[in-house]
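S.K.: attaching a predicted model along with its sequence, questions to come.
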Number of protein chains: 4
Amino acid sequence: MPDAAAETYSYLGPVGTFTWLALNQVPEAQNKSWRAVNNVGEALDDVVTGRSVAAMIAIENSIEGGVSATQDALASIPGLRITGEYLVPVDFVLVARPGTSLEQVHVVNAHPVAYAQTRRWLERALPEHGHIPASSNVSAAASLLEVEHADAAIAPPGITDHYPLEVLAERLADSEHAVTRFVLVSRTRVLPEPTGADKTSVIAELPVDAPGSLLEMLEQFATRGVNMSLIESRPIGDALGRYRFVIDLDGHIKDERVADAMLGLKRFSPNVIFLGSYPRADRQPVAVPSRYADEVFIEARDWLRGILSGEPDD
Amino acid sequence: MPDAAAETYSYLGPVGTFTWLALNQVPEAQNKSWRAVNNVGEALDDVVTGRSVAAMIAIENSIEGGVSATQDALASIPGLRITGEYLVPVDFVLVARPGTSLEQVHVVNAHPVAYAQTRRWLERALPEHGHIPASSNVSAAASLLEVEHADAAIAPPGITDHYPLEVLAERLADSEHAVTRFVLVSRTRVLPEPTGADKTSVIAELPVDAPGSLLEMLEQFATRGVNMSLIESRPIGDALGRYRFVIDLDGHIKDERVADAMLGLKRFSPNVIFLGSYPRADRQPVAVPSRYADEVFIEARDWLRGILSGEPDD
Amino acid sequence: MPDAAAETYSYLGPVGTFTWLALNQVPEAQNKSWRAVNNVGEALDDVVTGRSVAAMIAIENSIEGGVSATQDALASIPGLRITGEYLVPVDFVLVARPGTSLEQVHVVNAHPVAYAQTRRWLERALPEHGHIPASSNVSAAASLLEVEHADAAIAPPGITDHYPLEVLAERLADSEHAVTRFVLVSRTRVLPEPTGADKTSVIAELPVDAPGSLLEMLEQFATRGVNMSLIESRPIGDALGRYRFVIDLDGHIKDERVADAMLGLKRFSPNVIFLGSYPRADRQPVAVPSRYADEVFIEARDWLRGILSGEPDD
Amino acid sequence: MPDAAAETYSYLGPVGTFTWLALNQVPEAQNKSWRAVNNVGEALDDVVTGRSVAAMIAIENSIEGGVSATQDALASIPGLRITGEYLVPVDFVLVARPGTSLEQVHVVNAHPVAYAQTRRWLERALPEHGHIPASSNVSAAASLLEVEHADAAIAPPGITDHYPLEVLAERLADSEHAVTRFVLVSRTRVLPEPTGADKTSVIAELPVDAPGSLLEMLEQFATRGVNMSLIESRPIGDALGRYRFVIDLDGHIKDERVADAMLGLKRFSPNVIFLGSYPRADRQPVAVPSRYADEVFIEARDWLRGILSGEPDD
């Protein structure tokens, strides 16, 4: 009998959401059991309790909300690890019951955030429309089939694979280049192998709220040639003005320079959470200046070991 | 005849929202015309076009969304200035039509974000409840008086001042200490006078995406003893991996050390947007180490001027 | 009647020393009165008391000693300014009374430091020689004409212009590339005009003997793109472990980036002595990265002035 | 039969010099063979060739010269190690043949550097004196017993233990607090054990002559809380403007933070020479901020090892 948890992946449901689209990108999740949940908290709870082997959650720029919530959850729930990163373009379509034309659309059902993200298109194409709020992007579409309050709905692309609806218009998102970044979170302790195109995520608190304290933390990365691709401050929440930092680094913790930077960070910060090293979604190799190459670190260690052990210089 | 624009303040409506609560804290806005708008974009548009003299917008930790949108709008709309900062505790009440008891609540109307923020309380107190989404916190409450789909609504405290509803439960927010930070934005060029408890907000791009580039930017603050109370990276949007930073500094641009740091920042960054210097909401005085006091800057300038002009040393 | 002081230059004498060779490189000193003194202290005393308009002193790598003494004197005597830099190659010749051959040399007269600097040549060419110490390089040569204790002397090149002696051997210095750096010191307050190939000399104390304190001082230069060509620690002398730093910077104090670095240094250090900005001896232009060009500083100041004065952005 | 080399210590002779006074402070050198040499080069040559087990040499502020020479020799001769540090106050006495009174002194024999260091006293006490140069401080005194050219000599305190001379005056040095720092140099590979009051000496080249390069080197120390007690730039000699740095650090290479800083330095610098870790002459314990304590480094390594090996967090 297979282990159900080892076979289950949690995601913000229902079928058809952006998070569902992200989970579709995970080869090892195909042909496994997928569990739709209502929010990030539930998804992570599934992982913590062992109900699921992993959860897909939005971590940056999500139009489904939850990003600050995700960062705070990762900071407060121990034992979680990110094992992969996935990008989903933020885009929307306008769908309706078959046979509906654009001219017939008077009332639009939409999640408030999706509504805000497509407002410019709506005001141009349907200046007279009314808005009925939905609790999710998919439920906006699904409700068209249940009640007739609305004539059309804002939904993620691909929604018509799941519901017998028709696309009236595409590319509705106001911002063309928007992308949501998702991560797959599990409780595994096994590090994905370095690929040369990796990312490392950490959350770290500053020791004191003093000028130069953040600078000192960032020097831990700079003096090892480690680039940050993301840094965000988040209030710790126990007192105003106390922040933790959510940081993405280029490289894998098995890279010497990243490992050494992590040592420096650990010594510096009263609280560091290692969230994982994993392949970048864009598979772009990390360029490492030759002076920060693995060999340079190994050579320095050999040199120090020689001095400490009393070997001749040769 | 009074200038209507000079008398109008825009805010995320309707009456009763958290943003409305923030605007209530602004003495100069009392007894003026208030204009309820639908989102941050509309509010800023009112300011840019001159329809309003100022707009209240959420800039950090908002449960009404819009924070990333706010930061991006401030980065892309020229000519805006922050003139004040206001804090509103994030809290919710459960309201119902008069005479309803908690036991009678089966369906709850709530904005999806507010629903997520109070979910823990709802699951404990009303484990069997259903949820109807609303387009805003206030419309959730207001709709109780229009249709009877729902038995109760999640709303901001004070909502019963505006609607004939009754409070069934208070302090529903899952997080006790959450606060939303609002700012008042206008087009004025006049700087509020320094109060000794000020904040300066800027947005700056990094010159290149290289290790140490952010560090170099932060050194502009550290070498002048200027503390950062907030730093967030935001994708610039023209290409993946290019970030701008939203930064709050302790102190006023009329403080010598802040002015000098702004000079260093301006020289360093290809694009700096000065968003304003304004009194802190908490009125907590900024502690300045004596070596960064105004006199130290003035004395150094006098010393340099003496050298450049060929004056004797003493 | 001309002002005698305005016409007099002090140097470590007598005629023929390396310092005298350096003074020969100064166009404005030609056809003026030159005053030979016995050491750096006397030379600077002449300047301080007004007996001389300027003094030539060795400041780096001198084989005639006095470099630490020079640095300490410049740190403790107020009101001095360096106005020019001059390089003299460290080289020696072996001279003797006319008619003497190398084989006839048994005893060599030499200043102990010059003797140490030419020891390798002496041991090779004259393995059996004896050494009589002299009080200076020139007196070693001059004494050949007075007493016959020694058969030859170690002296600076050009000595035969001043004494009827013959050169027995040239290029005696053990180190081929050694150069002594001299500076011309006066009490003028007038800064030499920038030439694009300038140097600025300062002496600065650290505020506290703490890790990172020197680093913080050097950041004043690095954050303005100012390169250091020299840094030396010198004990302050009032307590063990307290140091001042003798620093040469590339560029002129009238260069914006150097002026701004000097402001930062002045604010940081409890005691800064500006020793002068003057043309480099090697006339090599200072390469300035475009981001630290004068225009960048001026533009930033204009931008700040606009903000402070309340001008519109454009 | 004892190993002669293991029993021999080289020093700048003859008996009675400041270097000899320093060697007297070395317990393990007592009752061994001492070899007087003429300069630093000879002393180090004795060590390199194995003629001596160790050599005492001046490394900072010597009035007997040789400091730059010492630093350059340590940079260019491989395989040397400093094992101890010794301080000798710079002071002089005036000595004469027994029976001579101060009034009878007309001509003074003195090494030129000692003469310069006592000139103020001489001009006050013996305004009419003449000066005969000597090749060393001790030979100045010794020659009084051989020839009668001079009436008195400038010599180190204690000279009368070795020569039948009388002290006419004491405390002649112009500077009261001057101290010469000596180091004992050997070829041992064995590190002295940490005492809690140690010093580590290194010489390191900068990778490129660019603004910020020195800063980057010093960050290797600052980010590990390692204080520098000495830093001096020395021209490398192969080209103008290329410098190496002679650096003394507080702490022992067996201290975690110093070892880690040495790793960083080794990775950064194209050429690092480890000169040794040894007890400070003043025996003053090194204060280490708790965040840089050994335990902090060990804990961070354990934490990293746990992550790399896939262990659970706790």
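M.R.: Now that the structure is in, tell me what you want to look at.
S.K.: check the gap between A:Arg280 and A:Tyr292 for me.
M.R.: From A:Arg280 across to A:Tyr292, the span is 18 Å (CB to CB, to the nearest Å). Just so you know, the C-beta spots here come from the backbone N, C-alpha and C atoms, and that holds for glycine as well.
S.K.: what do you get for A:Ala261?
M.R.: Here the criterion is CB to CB. By it, A:Ala261 lies 10 Å from A:Tyr292.
S.K.: and A:Val147, by the same measure?
M.R.: Counting by CB to CB, the gap from A:Val147 to A:Tyr292 is 60 Å.
S.K.: the two: which is more packed in?
M.R.: A:Tyr292 (22 against 9; other CB atoms under 10 Å in any protein chain shown).
S.K.: what's the spacing between that one and D:Ile159?
M.R.: Relative to D:Ile159, and taking CB to CB, A:Tyr292 is found at 57 Å.
S.K.: equivalent analysis for A:His111, please.
M.R.: Distance, A:His111 to D:Ile159, by CB to CB: 95 Å.
S.K.: same question for A:Trp303.
M.R.: For A:Trp303, the distance to D:Ile159 - CB to CB - is 45 Å.
S.K.: which of these two has more neighbours?
M.R.: Applying other CB under 10 Å to A:Trp303 and D:Ile159 shows that D:Ile159 carries more neighbours, namely 23 against 18.
S.K.: so what pLDDT did the more buried one get?
M.R.: If you check D:Ile159, the pLDDT there is 94.
S.K.: again with A:Asn39
M.R.: Taking A:Asn39 on its own, its pLDDT is 77.
S.K.: thought it was touching B:Arg119?
M.R.: Yes. Between A:Asn39 and B:Arg119 there is a contact under CB atoms under 8 Å: 7.2 Å.
S.K.: before we move on, the earlier item: intersection of neighbour lists for A:Ala261 and A:Tyr292?
M.R.: Residues touching both A:Ala261 and A:Tyr292 (CB atoms under 8 Å, 6 or more residues apart in numbering or on different chains) are A:224, A:226.
S.K.: so which bits of chain A are right by chain D?
M.R.: With CB under 8 Å from any CB of the partner chain as the criterion, chain A meets chain D at residues A:78-79, A:189-191, A:207, A:216, A:219-220, A:223, A:253-254, A:259-260, A:262-264, A:266-268, A:274, A:291-292, A:296-297, A:299-301, A:303-304, A:307-308, A:310-313.
S.K.: now with 7 Å?
M.R.: A:78-79, A:189-191, A:219-220, A:223, A:253-254, A:259, A:262-264, A:266-267, A:274, A:291, A:296-297, A:300-301, A:303-304, A:307-308, A:310-313 (CB under 7 Å from any CB of the partner chain).
S.K.: do a quick rundown of the helices in the stretch 151-300 of chain A.
M.R.: A:213-222, A:256-268, A:294-309 (DSSP state H, counting those that start in this stretch).
S.K.: and the longest one, does that touch chain B?
M.R.: Going back to what we said before, that points to helix A:294-309. No. Judged by CB under 7 Å from any CB, helix A:294-309 stays clear of chain B, getting no closer than 14.7 Å.
S.K.: what sits up against that helix?
M.R.: Residues from elsewhere that reach helix A:294-309 (CB atoms under 7 Å, 6 or more residues apart in numbering or on different chains): A:255-257, A:260, D:253-254, D:259, D:262-263, D:266-267, D:274.
S.K.: buried residues in that helix, which are they?
M.R.: Going by neighbour count (16 or more other CB atoms under 10 Å in any protein chain shown), the buried part of helix A:294-309 is A:296-297, A:300-301, A:303-304, A:307.
S.K.: let me know the angle separating it from helix D:256-268.
M.R.: Calculated by axes from the mean of the first three to the mean of the last three CA atoms, to 10 degrees, helix A:294-309 forms an angle of 130 degrees with helix D:256-268.
S.K.: do the same with the shortest one
M.R.: Comparing the axes of helix A:213-222 and helix D:256-268 via the same axes, to 10 degrees yields an angle of 50 degrees.
S.K.: buried subset of the residues of chain A next to chain D?
M.R.: Those of the residues of chain A next to chain D that meet the buried threshold are A:191, A:219-220, A:223, A:253-254, A:259, A:262-264, A:266-267, A:274, A:296-297, A:300-301, A:303-304, A:307, by 16+ other CB under 10 Å.
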